[in-house]
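Visitor: Show me how the following folds:
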Amino acid sequence: MDYAYDAEAWHDLYLFLGAAAAALMGLVFIAMSLHLTTIIGNVLARAQSRGALGMLFCIVVVSIFVLIPHQPTWLLGGELMLYGGGYLVYIGRNILRTRRGTPPPPVLVLATLGSYLLLFVAGLSIAIHQAGGFYWLAAASLALVTLAVFISWHLMVALAERELENVSPVRA
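Guide: As a prediction, this is how the structure comes out:
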């Protein structure tokens, strides 16, 4: 049996990833809601918020795709290519349209694009049963979760620093 193209063999991993991403998405959503005014007033913070939540949501959707029982691998591969490709187009369009404010660090943009490109490659590999299949998908999933956690933490620290700057010291 070639596990690289057998969705059933990856069932437990994607059950875990989907649940973990959904839980993280809820926590990030609540944390961002507490700082909503600051996020709305900052173009970069809005982009980072959308990016982090989008990555976690992507993992949930990918997990649903993988967990659909008895789905042909060509169909799963097509879903992953469409989903990954759609995110690539969306991010590319946003990069070209965002000219205001502080741009995100180039390494973060490249890592994000690379993660969604991995998702597209995983879909292609699964669809044609060549070059690694679900191993590419595991790499894409790990990259997306890692980036989402990094971006969320970076954003929360930046928001806390802004709030500290706006608090005047109490004089005795």
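Visitor: Just give the closest residue to the residue nearest the centre of the chain, not the sequence neighbours.
Guide: Centroid-nearest residue in the chain: residue 55, 1.5 Å away (criterion: C-alpha atoms, centre = their mean). Residue nearest to residue 55 in three dimensions, not counting chain neighbours: residue 148, with 3.8 Å by C-beta to C-beta, 6 or more residues apart in numbering. From N, CA and C alone the C-beta is placed, and that goes for glycine too.
Visitor: same thing with residue 121?
Guide: In space, residue 121 is closest to residue 136, 5.4 Å off (C-beta to C-beta, 6+ apart).
Visitor: how close does the one you found get to residue 57?
Guide: Computed as C-beta to C-beta, to the nearest Å, the residue 136 to residue 57 distance reads 20 Å.
Visitor: And the helix or strand containing residue 14, what does it pack against?
Guide: Secondary-structure element containing residue 14, defined by DSSP states H and E: helix 11-34. Counting contacts by 3 or more C-beta pairs under 8 Å, 6 or more residues apart in numbering; DSSP states H and E, helix 11-34 packs against helix 43-67, helix 134-166.
Visitor: Could I get the buried residue list for whichever helix or strand comes after the shortest one?
Guide: Note on helix 43-67: by DSSP H and E, the next helix or strand toward the C-terminus is helix 73-97. Taking 16 or more other C-beta atoms under 10 Å as the basis for neighbour counts, the residues of helix 73-97 that come out buried are 73, 76-81, 83-85, 87-88, 91.
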